[in-house]
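Asker: using only what follows, build the 3D model:
(2 chains)
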Amino acid sequence: MRSDVWNSGLIVLDGAMGTMLQRHGLQPGECPEMWNLQHPERLEKIHKAYIDAGSQVIYANTFGANRRKLTPLGTTVSEVVSAGIAIAKRAAAGTDVLVALDIGPLGELLEPMGSLTFEDAMDRFREIALAGAAAGADLAVIETMTDLSEARAAVLAVRESTDLPILVSLSFGEDGRTFTGCTPAAMARTLSGLGVSAVGVNCSLGPDSLAPIVAEIARNTKLPVLCKPNAGLPDPATGAYNLTPEDFAQGMLACLEAGATLLGGCCGTNPAYITALKKALEGKTPAAREWDGASVVCSATNVCRIDGVRVIGERVNPTGKKRFQQALLEQDLDYILEVAIAEEEAGADILDVNVGYPGVDEVDMLPRVVKKIQSAVSLPLQLDTTNPATLEAGLRVYTGKAAVNSVNGNPESMEKILPLVRKYGASVVALTLDDTGIPQTAEERVAVAKRICAAAEAMGIAKEDIWVDCLTLTVSAQQEQARETLQAVRTVREEMGLQTVLGVSNISFGLPNRPLITQTFLVEAMHAGLTLPILNPNQREMMDAVSAFRVLSGEDEGSTAYVERFAGWKPAAQAAAAPAVQEKSAAPAAGGTVRTLQDAIIKGMQVEAACMATAMLETESELSLVEQHLIPALDRVGDDYGAGKVFLPQLLRAAQAAQSVFEVLRTSLAAKGGAPVKKGRLILATVKGDIHDIGKNIVKVVLENYGYEVLDLGRDVPPEKVVETAVQENIRLVGLSALMTTTLPAMEETLKQLKALPNPPLVMGGGAVLTPAYAEQIGLDFYSKDARDAVEIARKVFGN
Amino acid sequence: MEPEIIREIMERVPLDDALRYSGVPKPTEEDFAEMRAAADRLKRSLQPRRVWKVFPVEKTPDGMSLVGSGLVLSGHMAETMLADCPSAVLLACTAGTALDGAIRTWQSRDMAAAVLMDGYGSAFVEAVADQVEQEISARFPDLYKTDRFSPGYGDLPLDLQPEILTALNAYRLAGIAATDSLMLQPCKSITAVLGLSPRPQRARIRGCGYCALRETCRIRKGGNSCAL
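Answerer: Purely as a prediction, here's the structure:
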């Protein structure tokens, strides 16, 4: 097949399949893909009508041909897809019309929104791709996607299992985003890097409304752009679409103007629309395109355009941080997420993610941490590892366009890292060192940068995706190196025109008043051309300097952001008593003065509770703090909650204040190398099939703050996983949660499997639909009506 | 939906309902202030979508058939509700996936705030469904609506959930899916049926008899009702 076909002028695609199937008698609720087996002649007729109307590419009737949908109907993906492709090929015989394997969404939400894993999604797409390629499709179209993660899974699956060219299009709503919040720019930047032949939009709106979205996509990709709009908007009462073929074709000229060159129709269109489109396109040529050459990294919802200084947060990293190391070893991903959230709140633009630590299986851990952080933080991530296997595991599941930290001038590093950067369309940090070490002069470092740059560009990595790190050395040890670093930054920026990265904190190691040195170096470096400082965004001095720099560079127009940052600013002497920056969003102070730690906890005052606990550790042990102050305070709130005097939010606020005290204790114990305060370990899980887990999470927060260690298995947990963990960890108490009548059987099954163990643990259950009677009937040891109840049960079980 | 309509819906969300869903049955002024703060934080995460369609109703031995949808609503509930209705609306609406994301994020930051947001989300999606009802009324000014009822209410089977979504093409048009265990995704989503009749319809769905939570409900134990 002509590989450059997508670049050769305008291409007319086909129109709606579903609309035509209904016209040919498809009944409501009937599976359209089954027609490949039942009514091939009708499908062939539809394809031929589109070919006659002028379509140069036809989409086979395979949009929903996935395992989940077809298995219950007693057929297979392979059977339905082969039949669909064969029909389209028959219709196209004797023409040069291309036949596309059409791949739509799986109809289930992927994690973190749903429970389908990225890996399972890839597996299902792979099955479709293999069947389509075997049946002789000319290309694959992945369309109507609304989740960038699902689109990525489909693209990777097709790419890895076939050599079909791929066209990919997402559906955007009136607000310019997909249902899951993905923006056109994020979509274009991410998918263009994955080796597809064209990107674009289909469905959801009419051509007029899609034209601005097409324009944004066109600015963010060098690839051809495709556009298949609906025939306007449907009337909810009748389902009829509001555009005539002629109106539609006129509207499509706006999409052409916006940069689309592959044009067709989606819902509500039929061959008459394609005929009108073909006619309207006569004599037209592709519009001139304007590529936004800026360096960009992104998540699905957040595009970071590097046209000024952008801060890379460095805190998701175990180096020198005992508490973080402990979290990695205990697989406490919630703690890691909290660190990431704090960085986002502090104003970081990109987060560096490093999980390398002795005893941690990085290849397993990095993708889990990436998924966890992306479930709640929208910032783009920079995956920080030099291990290729770890890197690939992380890049694979990352939704968006990531940065990779790092490659260096060592040939082996380039051979292993750069192909992965290329495959996943990432940006990469190039360290200016090689197997001979760190060059001592600016010239030598620039030479290494040039070598890496040449190798990367030869591999097809764009210049704007190469970020050079000229390396910060410790000024107290090698004083002359600070100037060399700055000079190298200047050269890379001015002469090579590349983005520059520096981890700035290193500079001040071993000197008093480190923030002053670091801040001064940061300012000098930004002045020299540093665009991507890696730093601790929780350190106010650093973010202050960045904020001031943005004023002086003109980026912060009208100094708006600066003024906002320093609203209410007071000279240092007056502000001396003000609290530190890295506070959690403080709970509303319930008023009044707080005299004791118990008071602070009861009133849910996190900052105060933590401060008091820190002070009290001077004279009391961690354990005594828990037993004498924390638990009694929680008990009092718990009793009030039980009596209906306070409600759930207050109970949780108190728990959170207790949490902040626990953080103080954990840090104190980790520093001494002691074990954390633990009163008993238990499992909590939301049962298989159940995806609502806020109830379980509430119970977890409260239990943890009574000192219990909770192994949180998450939601949609198969019974086997609960049993396996219970055995491995020798667990004596398991808590199961179920929200729906449909998932109660899963609770019963999990219980049954647990009770079949030689030494079965005790099991408590809770959740909206669980009644005491049902709990007894299925043989639960305890019915837990709420979080407070769970604590009482834990006390009974662990005898404390 | 357009930003103005989302704002209007937000204004109509009953905060006392939202608080009740968050486990605060007797809110103080301070609780209301916190719920308002929760709503404010969620503002940008509310991306309601809806899809609805009208079908003729036909009584069959298996239940009330919505002709052209492939759906037959079995049970006493549907029969009573649609007895006097030549046609009925199927609707699906959602507060969107961003809300789920925001609640997830806040669970890591501040569980108490997340609980308030979760309650707000529940009240919000109900208000979205109310908005859809207004749209329906505007479109059919001469017809009367029954109360809306959903799979899981009374004896209307929960396993209609995926069929309703299919009949409305709701995954494609509004991003709503059902799991194999019949839970809707995004979490704050509703599917419902309501009858259209040329004659006024009396309110029927009130009281705990229809509610799946009646046996464990705290409000009911306290002798009250949420007047669902």
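Asker: pLDDT (mean, whole number) over stretch A:338-353?
Answerer: For stretch A:338-353, mean pLDDT rounds to 95.
Asker: tell me how far that stretch is from the chain's mean position?
Answerer: On the basis of C-alpha atoms, centre = their mean, to the nearest Å, stretch A:338-353 sits 14 Å off its chain's mean C-alpha point.
Asker: residues contacting A:Leu205?
Answerer: Contact partners of A:Leu205, counting by C-beta atoms under 8 Å, 6 or more residues apart in numbering or on different chains, are A:Phe172, A:Gly173, A:Glu174, A:Pro229, A:Asn230, A:Leu233. (Glycine included, C-beta is placed from N, CA and C.)
Asker: tally of neighbours for the second one?
Answerer: The criterion is other C-beta atoms under 10 Å in any protein chain shown. On that basis, A:Gly173 has 20 neighbouring residues.
Asker: my read: it touches A:Ser204, true?
Answerer: Yes: A:Gly173 is in contact with A:Ser204 according to C-beta atoms under 8 Å; the separation is 5.9 Å.
Asker: where does the chain have low pLDDT?
Answerer: By default, I'm working from chain A. Low-confidence segments of chain A (pLDDT under 70): A:1-4, A:573-594, A:675-677.
Asker: um, chain B though
Answerer: Counting by pLDDT under 70, chain B has low-confidence residues at B:204-228.
Asker: quick one: buried residues of the longest helix along it?
Answerer: If you go by DSSP state H, chain B has its longest helix at helix B:111-139. Buried residues in helix B:111-139, counting neighbours by 16 or more other C-beta atoms under 10 Å in any protein chain shown, are found at B:111-129, B:131-133, B:135-136.
Asker: near chain A too, which of these?
Answerer: B:Met111, B:Ala112, B:Ala113, B:Ala114, B:Val115, B:Leu116, B:Asp118, B:Glu135 (C-beta under 8 Å from any C-beta of the partner chain).
Asker: nearest to chain A among these?
Answerer: Nearest to chain A among those is B:Ala112, at 3.8 Å by C-beta to the nearest C-beta.
Asker: state the distance from that closest one to A:Leu530.
Answerer: Distance, B:Ala112 to A:Leu530, by C-beta to C-beta, to the nearest Å: 41 Å.
Asker: go on, A:Asp349?
Answerer: Distance, A:Asp349 to A:Leu530, using C-beta to C-beta: 14 Å.
Asker: quick one: name whatever helix or strand follows the longest strand along chain B.
Answerer: The residue-count maximum for a strand in chain B (DSSP state E) belongs to strand B:49-60. Counting by DSSP states H and E, the next helix or strand C-terminal to strand B:49-60 is strand B:63-66.
Asker: residue contacts, residue 125?
Answerer: You didn't say which chain, so I picked chain A. A:Ile103, A:Leu106, A:Ala153, A:Ala154, A:Ala157, A:Val158.
Asker: let me rephrase: I mean chain B.
Answerer: Residues near B:Val125 by C-beta under 8 Å, 6+ apart: B:Pro48, B:Cys93, B:Thr94, B:Ala95, B:Lys188, B:Ser189, B:Ile190.
Asker: of those residues, grab the buried ones for ChimeraX.
Answerer: Typed into ChimeraX, the line below selects the buried ones among the contacts of B:Val125, using 16+ other C-beta under 10 Å:
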select /B:48,93,94,95,188,189,190
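Asker: state the distance from whichever residue of chain B sits closest to chain A to B:Gly195.
Answerer: The minimum distance from chain B to chain A, using C-beta to the nearest C-beta, falls at B:Gly70 (2.7 Å). Distance, B:Gly70 to B:Gly195, using C-beta to C-beta: 18 Å.
Asker: looking at the two, which is more packed in?
Answerer: Shown here are B:Gly70 and B:Gly195; by other C-beta under 10 Å, B:Gly195 has more neighbours (25 against 15).
Asker: in what helix or strand does the more buried one lie?
Answerer: Going by DSSP H and E, B:Gly195 is in strand B:189-197.
Asker: so which elements touch that strand?
Answerer: Secondary-structure packing of strand B:189-197 (3 or more C-beta pairs under 8 Å, 6 or more residues apart in numbering or on different chains; DSSP states H and E): helix B:76-81, strand B:87-94, helix B:111-139, strand B:144-145, helix B:161-168.
Asker: can I get these in a markdown table including distance to A:Leu391?
Answerer: Formatted as a markdown table, these follow (distance: least, C-beta to C-beta, whole Å):
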| stretch | distance to A:Leu391 |
| --- | --- |
| helix B:76-81 | 56 |
| strand B:87-94 | 37 |
| helix B:111-139 | 33 |
| strand B:144-145 | 57 |
| helix B:161-168 | 39 |
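Asker: burial measure for B:Pro157, as a count.
Answerer: Other residues close to B:Pro157 by other C-beta under 10 Å number 16.
Asker: which ones are touching it?
Answerer: Contact partners of B:Pro157, counting by C-beta under 8 Å, 6+ apart, are B:Ser74, B:Gly75, B:Pro151.
Asker: A:Leu733 now?
Answerer: A:Gly680, A:Leu682, A:Ile683, A:Pro761, A:Leu762, A:Val763, A:Met764, A:Ile793, A:Ala794, A:Val797, A:Phe798.
Asker: tell me which residues form a beta bridge with the nearest residue to it once chain neighbours are set aside?
Answerer: Among residues not flanking A:Leu733 along the chain, A:Leu682 sits closest, at 4.1 Å (C-beta to C-beta, 6 or more residues apart in numbering or on different chains). Beta-bridge partners for A:Leu682, by DSSP bridges, are A:Val710, A:Leu733.
Asker: B:Trp106 reaches B:Gly121, doesn't it?
Answerer: No: if you go by C-beta under 8 Å, B:Trp106 and B:Gly121 don't touch, sitting 11.1 Å apart.
Asker: what parts of the stretch 1-150 of chain A come near chain B?
Answerer: A:27-30, A:105, A:107-109, A:112-115, A:144, A:146.
Asker: let's see it at 6 Å
Answerer: A:Pro28, A:Gly29, A:Gly107, A:Glu108, A:Leu109, A:Met113, A:Gly114, A:Thr146 (C-beta under 6 Å from any C-beta of the partner chain).
Asker: in which helix or strand does residue 37 reside?
Answerer: Defaulting to chain A. Applying DSSP H and E as the criterion places A:Leu37 in helix A:35-38.
Asker: meant chain B, my bad for not saying
Answerer: Using DSSP H and E, B:Ala37 sits within helix B:29-42.
Asker: what's the angle from that helix to helix B:111-139?
Answerer: Counting by axes from the mean of the first three to the mean of the last three C-alpha atoms, to 10 degrees, helix B:29-42 lies at 70 degrees to helix B:111-139.
Asker: how about the residue of chain A most remote from its centre, secondary structure?
Answerer: Using C-alpha atoms, centre = their mean, the residue of chain A lying farthest from its centre is A:Gly94. It sits 45.7 Å away. Here A:Gly94 is recorded as coil under DSSP: H, G, I helix; E, B strand; the rest coil.
Asker: against chain B, how distant is it?
Answerer: As for A:Gly94, its distance to chain B is 34 Å (criterion: C-beta to the nearest C-beta, to the nearest Å).
Asker: next one: phi and psi at that residue?
Answerer: For A:Gly94, the backbone dihedrals (degrees, to the nearest 10) come out as phi 80, psi 0.
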